Structure formats: structure tokens, C-alpha cells
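K.L.:
make a model of this:
(2 chains)
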Amino acid sequence: MAHADPVVSVRNLQKSYGSVTALTGVTFEIQRGETFALLGPNGAGKSTTIEILEGYRDRTGGDARVLGIDPQKGGVAWKARLGIVLQSTGEIGNATVREQLSHFACYYPNPRSVEEVIAAVSLDGHESKRIRALLGGQRRRVDVALGIIGRPELLFLDEPTTGFDPEARQNFWQLIRELKREGTTILLITHYLDEAAQLGDRAAVISGGTVIAQGRIDEIGGPDALTPVVRWRDDSGTKRSERAAEPAAFVAELHARVGREPDALEIIRPSLEDIYLDLVGAHENRAQGNSARENGAHPQGVSRDPEETIRP
Amino acid sequence: MTTPRSRTHARTGASTHAPEREFARTVRLGARRAAYEAKLYFRQGDTIFFTFLFPVVMLGIFALAFSATGLVGKNPDGTGGITQAALYLPGMVAAGILLSGVQNLAVDIAMERSDGRLKRLGGSPLPVVSYFLGKFGQVLTTSLLQLIVLLLVARVAFGVVLPTTGEKWLTFAWVYLLGIVTSAVLGIALSRIPRSSTSATAVIIPIVLILQFISGVYLQFSMLPTWLQNIAGFFPLKWIAQGMRSVFLPENFAATEPGGAWELPAVATALVLWLVVGVIVSRLTFRWIRKDS
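P.N.:
Numbers count the residues shown, from 1 in each chain, chains lettered A, B, ... in the order given. Model prediction:
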């Protein structure tokens, strides 16, 4: 990762609210044209991180650069290069969809055409409706439309597809792929792991205010993480599971050993969701283990080391 | 000139605008905001009634309720005197200025803050100054329309005789302008107080309502006890109302003022002081979002 000019660069980012620590040290970089997914359980610090990068919150430690600028000092020229889709807007605007988009378009030096954006977010037929009269998912598409109207170099998407039906989500993915083709850099927070797998080039998993793993979407969690898992039930009725790089060979050998069809046999290729759940589960166990160790207990070992863990 | 400019360039990393162009952009976007805001203002049913039409409705109620009272403020020889509508008109003009500035903006901005519209603007390249130019534009447009409706209704429906001298209208112009700008700035300052959109009207309307009762809008100022008059004297509405009485009431009414005269220099001083206070408070407290809460 020796790129000269990352679009987003975050080093040991820290944030506390009074005595509550939200981020203990987050480090990642996003290169130009990349789509970077930020994953993690609720309260892990994803939104705090993205809001620091958007300039909404001030960090309490570490360093952050967005398009070469410290987001705490970003002015209007800097904001003109960003697109922001916030996590939630309870917007009750009286403007119509088209009015709102053409109004926001005039803030930007080189905006997209309003009609093009309306079509891109599939709001055709709703452009003359007032935003407050739209359904939740449609209103969310207005948020997305306002995020891309200024033709941003860097687009922040904080849970953009919440409330979308499957078709709207497919259309949204299509839109994001289009933006990627145009070279837009995207930072995506999502709870939908399939979305991250569909759109992301790389991802970071945040848990407990720190990055517990990051890497290419197909490599995250380390080389073991994608190794297929063979599950079956042995003669005593115990559930068994083993990772096997060559599952067919493993099953053949198992079949030979057992001498018959193994019970409840499954071969699973871990999805991003499985890997993610393993990572977060392991991290949470270890966090509990650490506090248990302080109490004199002996914790279980952790199955897998994350690819990159930041320790204070 | 070159040094700070190139430094700005390095800092923002974006195409930099010369200061003149930035100024032009700020003003242009301010004008766009004003048009957008004024258009949306008239789509809010509650605002139209409680801010825009309220003074007209109140004028109608008072004029009709006390229509049997006859003329007030006659000369000793029995000539002169004005109707109830004429008596209440300056107070309603002052109330309109207060509502269009303070109530309108304090509630409007508090709602924008709580439903996320301000946060969205804060993440956009809209300059803060353009945002405020838009608010002032909206307040000026709507309050001028409000005044026109109010004066037309007073003249046509209730036969109130409006001033005819240029001098009176000049006084009207500066009291109005100073009053509306001060009210708008105080509205921006007060918008920080409500914590949610639901509490916005509940917090702001009582403040505005009490001021109207003690400042000579609904109750004749000269009839209030001196201590209440003194309290009202700390607030701007009393001075806007007094200035408007000097415009719309006959000269012999000046004697009923607490000071026995219209005291226009005091009106100007009080409003300028409040304007300065409002600007300072707004400047210190306005944020796109409640950061870190």
C-alpha cells in the first residue's frame, strides 16, 4: 500500500465523548477510485469515524486527511468535492424532489443534471412530489440523489440502502457500479454484508473502536478464513467441523474412514458474512477474555488472528 | 496577494476562487436561498396562519370586538379621534415584524436543525453567509407582503386613514428595517434554545406572546402599570411598537406615551443595541449541528 496520494488517510484516529471512548485507534487508507466498506456491529464506531471524516465531529487524537485536507479545517471548496449521504434524515421538507435537487445542484461547480440523477435513483414519476409525502425508501433515495448531485470525487454512504426493497437495492448497486466506473471513491458503511461483497474493493471491520481486520474483500480475515469448512456428525452424534483446503478429498477420506455416508454432511464456503461474524465474535470473546484474565480466570485461545490489529 | 492565495490553494487542494468571485458566489447563492426559502414558506399552513396572517386576524378581532366603543383620543373640542382599528394598527404592524423575524426564524431554524436539514447543508459547499442571506431575504419578502396585506385590510376593510406625509413614511421605513433586521437576528439567536422540533413552537411562542402583551400590542401601552412598562422597555418590541405609533397615530397621542413624546432617538438606540446583541449571540452560538452531542 505504498500509494503516494490516498483520498482518505486515517492514522490512529481516536475519539472520546467525555469519559466514553468511541474510537481507540483506527487506521486505514482509501485509494483513488476504490470502494471501501466499513463493517462492524452497532456502536463499534463506524458512524463516529465517518462523521469525523465528513467534518462533523472533531477527533480527540490521531490524524485524518480527506482529499489531502484535515477535515476539521475543510472549507467550502473542500466540501464541493464531497458527497455525503448521512445515516438518517428525518427530513420533512416542503420542497418537491426536483426543486430540492436543482436547488442543491446550484451549490456545486460542476453538478450532474437533475433529470439524470432522478433517473439514476429511480425516482422517475415522483419528481413533482413533495419530499415529506414520499415513502421512507423513496425519501432515502432523495438522500442518495442529493449525495451525488454535485459529482463528488469522494462519496460517503452511511447505511444507504436501509428501507430499500430488493429491487431498489439492486438498482442502487447498479448506480454505485456506475459511479465506480466514473472513478468516484466511495466509503460505504453497511450492515448488509452482501452489499459490501457486491460493491466493496476492500473492507475494514471495526469493533470496540478499533479496526480488527482489513483487506481486500476476498482476502479479509486472513488466508484461512475462506478455506471451506466440512461439517458432519460422527458416530457418537457429536457435531464435527474441520477446515479443508481440498474438501472433496477430505470427504472421500472421511467416507473411507467411516465406511458409509457421514451423517449431516455439509461443505460450506464461508461467505463474507460468516467471516465477519467469526471476526467480531472472536474479538468480543477476546475482549471478555481480557477482562476475565484480569479477574484471574483462564480464557480460551482465539481461533484466528486478524490480519491487522491496532493495539494502543 | 500571491502568497496567501497559493497557500489557500495548497490548503484546500481545490481550484481556488479569487476573493471577488467568492463574494459573488456567496451573494448569488444567498439570492437562490432567499427565493427557495420564500417559496417554501408559503407551503407551511401553520406558519401562514400563526406568523403571516396572525396580525391581520387580530386586527380584525379587536376592530370588530370594540367597534361599539366609538372614536378614541378626541380633542377637547370634540373633533378628531380615531377608530379602534386605527388604534390597534401600529401594534399589529409591530407584532408582524416580531413574528416574521423572531418567531418565524427561531422555530424554522430549530426545526431545520432537529430534522437534519442543517446538518445536510453543513456538509454541502453552501457558505454560512449565503444561508443567512437567504433567511434575511425570506424574512424581508414575507414581512413586506404581510405588511401590505395588513395595511390594505386596515385601509379597505376598516377605513383606517394612513399617513400621507413623506416624513411619516420615512420614519416607517427606518423603524421597519431596523425592527425586522433586529427581529431576524434575535430569531437566529433564539433558535439555539429549543432542543427538538416538537419543543420549538412550545418554547418560542410563549416568549413572543408575553412580549406582545407587555409591549403595547394587544393592551394599550399607556394603560399598563409603570413597573411593567419599565420591564417592557428592556425588550425591542416595545420600541418597535412605539416607533410605529409615531407613524400611524395622530400627533396628540404622543402626550399619552410614558415620556410624553414619541422619543424616536430612543427607539433607534434601543433597536441598534438589540441588533448588536443579537449579532454577537448569533455569531457565537450558531452551528450547523450540535457538535459532539
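
K.L.:
surely residue B:134 meets residue B:27?
P.N.:
No: look at residue B:134 against residue B:27 with C-beta atoms under 8 Å: they stay out of range, at 10.9 Å. The way it works is simple: take the backbone N, C-alpha and C, and place the C-beta from them, glycine included.

K.L.:
who's more crowded, these two?
P.N.:
Neighbours per residue (other C-beta atoms under 10 Å in any protein chain shown) separate residue B:134 from residue B:27, with residue B:134 holding more: 21 against 14.

K.L.:
quick check on the more buried one: phi, psi?
P.N.:
The phi/psi pair for residue B:134 (degrees, to the nearest 10) reads phi -60, psi -40.

K.L.:
so the closest residue to it other than its chain neighbours: helix, strand or coil?
P.N.:
Residue nearest to residue B:134 in three dimensions, not counting chain neighbours: residue B:33, with 2.4 Å by C-beta to C-beta, 6 or more residues apart in numbering or on different chains. Judged by DSSP: H, G, I helix; E, B strand; the rest coil, the three-state class of residue B:33 is helix.

K.L.:
so who does residue B:33 touch?
P.N.:
Taking C-beta atoms under 8 Å, 6 or more residues apart in numbering or on different chains, we find residue B:33 in contact with B:126, B:130, B:131, B:133, B:134, B:135, B:137, B:138.

K.L.:
just residue A:121 next, same as before
P.N.:
Residue A:121 makes contact with A:141, A:142, A:144, A:145, A:171, A:172, A:175 under the criterion C-beta under 8 Å, 6+ apart.

K.L.:
now do 10 Å
P.N.:
By C-beta atoms under 10 Å, 6 or more residues apart in numbering or on different chains, the contact list for residue A:121 reads A:97, A:101, A:138, A:140-148, A:168, A:171-172, A:175.

K.L.:
quick one: low-confidence ranges for the stretch 101-250 of chain A?
P.N.:
The model of the stretch 101-250 of chain A has no residue with pLDDT under 70.

K.L.:
what are the boundaries of the helices in it?
P.N.:
A:114-120, A:136-148, A:166-181, A:193-199, A:247-258 (DSSP state H, counting those that start in this stretch).

K.L.:
next: the stretch 101-250 of chain B.
P.N.:
B:104-114, B:117-122, B:128-152, B:166-190, B:197-214, B:226-232, B:236-248.

K.L.:
dump stretch B:166-184 to PDB, restricted to CA.
P.N.:
Extracted in PDB, the C-alpha atoms of stretch B:166-184 (Å, rounded to 0.1, in the frame of the first residue of the first chain):
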ATOM      1  CA  GLY B 166     -43.200  61.600   3.300                       C
ATOM      2  CA  GLU B 167     -41.800  62.300   6.700                       C
ATOM      3  CA  LYS B 168     -44.100  59.700   8.400                       C
ATOM      4  CA  TRP B 169     -43.300  57.100   5.800                       C
ATOM      5  CA  LEU B 170     -39.600  57.700   6.200                       C
ATOM      6  CA  THR B 171     -40.000  57.000   9.900                       C
ATOM      7  CA  PHE B 172     -42.000  53.900   9.000                       C
ATOM      8  CA  ALA B 173     -39.200  52.800   6.700                       C
ATOM      9  CA  TRP B 174     -36.300  53.000   9.200                       C
ATOM     10  CA  VAL B 175     -38.300  51.700  12.100                       C
ATOM     11  CA  TYR B 176     -39.400  48.800   9.900                       C
ATOM     12  CA  LEU B 177     -36.000  48.000   8.600                       C
ATOM     13  CA  LEU B 178     -34.200  48.300  11.900                       C
ATOM     14  CA  GLY B 179     -37.000  46.300  13.600                       C
ATOM     15  CA  ILE B 180     -37.100  43.500  11.100                       C
ATOM     16  CA  VAL B 181     -33.400  43.000  10.900                       C
ATOM     17  CA  THR B 182     -33.100  43.000  14.700                       C
ATOM     18  CA  SER B 183     -36.000  40.600  15.000                       C
ATOM     19  CA  ALA B 184     -34.400  38.300  12.400                       C
END
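
K.L.:
in that stretch, what counts as buried?
P.N.:
B:171, B:172, B:175, B:176, B:178, B:179, B:180, B:181, B:182, B:183, B:184 (16 or more other C-beta atoms under 10 Å in any protein chain shown).

K.L.:
rewinding a little: and residue B:88, which of the helices of the stretch 101-250 of chain A is closest to it?
P.N.:
helix A:136-148 (44.5 Å; C-beta to C-beta).

K.L.:
does the closest one come close to chain B?
P.N.:
Yes: counting by C-beta under 10 Å from any C-beta of the partner chain, chain B has neighbours in helix A:136-148: A:143, A:146, A:147.

K.L.:
list every C-alpha atom in that helix, with coordinates, as PDB.
P.N.:
Only the C-alpha atoms of helix A:136-148 are listed here, as PDB (Å, rounded to 0.1, in the frame of the first residue of the first chain):
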ATOM      1  CA  GLY A 136     -39.300   6.000   3.600                       C
ATOM      2  CA  GLY A 137     -37.400   4.200   0.900                       C
ATOM      3  CA  GLN A 138     -38.100   6.900  -1.600                       C
ATOM      4  CA  ARG A 139     -37.000   9.600   0.800                       C
ATOM      5  CA  ARG A 140     -33.800   7.600   1.300                       C
ATOM      6  CA  ARG A 141     -33.300   7.700  -2.500                       C
ATOM      7  CA  VAL A 142     -33.600  11.500  -2.300                       C
ATOM      8  CA  ASP A 143     -30.800  11.500   0.200                       C
ATOM      9  CA  VAL A 144     -28.700   9.400  -2.100                       C
ATOM     10  CA  ALA A 145     -29.600  11.700  -5.000                       C
ATOM     11  CA  LEU A 146     -28.500  14.800  -3.000                       C
ATOM     12  CA  GLY A 147     -25.300  13.000  -2.200                       C
ATOM     13  CA  ILE A 148     -24.300  12.500  -5.900                       C
END
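
K.L.:
much appreciated, bye for now.
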